[in-house]
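> 3D model of this:
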Amino acid sequence: MPPGHVYFWPDPNQMGPGGAWDYAPPGYREADPRVKRHAYSFDSHASMTVYAISYQPGGCLYRAIYPDDYSNTWEWATKFDGVSDSTMGCQPG
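Reported below is the predicted structural model:
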């Protein structure tokens, strides 16, 4: 997998139909439908911290994803809406 990208999968253990959806900074990208609110694992190869974004009634939340961070059973799976290189004014979540 190329450096600089963060990969999200629809199933635990970096698996799932269609393989990984990837994000590369800069900017914000809305998650692909197969991982939006359904990203059960991720792996970061980015050289910078990026932020998972979750839109909630009345605002938004973010969760930092650090360089070389990964999860095979991500607790944010059902919150994930997109990813950005900034917190986009959201609150920590």
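
> could you use CA atoms for every contact and neighbour count after this?
OK.

> quick one: contacts for the spatially most central residue of the chain?
Central residue of the chain (Cα atoms, centre = their mean): Ala52, 4.5 Å from the mean position. Residues touching Ala52, when contacts are defined by Cα atoms under 8 Å, 6 or more residues apart in numbering, comprise Tyr62, Arg63, Ala64, Ile65, Phe80, Asp81, Gly82, Val83, Ser84.

> what's the closest of those residues to Trp9?
Taking Cα to Cα as the measure, Phe80 is the one of these closest to Trp9, at 11.4 Å.

> and the gap between that closest one and Gly59?
Taking Cα to Cα, to the nearest Å as the measure, Phe80 falls 14 Å from Gly59.

> comparing the two, which shows the higher neighbour count?
Taking other Cα atoms under 10 Å, Phe80 and Gly59 do not tie; Phe80 has more neighbours (24 against 10).

> and the residue in the chain sticking out farthest from the centre, what pLDDT?
Ranked by distance from the centre of the chain (Cα atoms, centre = their mean), the top residue is Gly58, with 21.0 Å. What the model reports for Gly58 is a pLDDT of 93.

> ok, it to Gln91 distance?
Gly58 is 11 Å from Gln91, where distance means Cα to Cα.

> check Ser71 too.
To Gln91, Ser71 is 21 Å away according to Cα to Cα.

> go on, Ala64?
When Cα to Cα is applied, the distance between Ala64 and Gln91 equals 11 Å.
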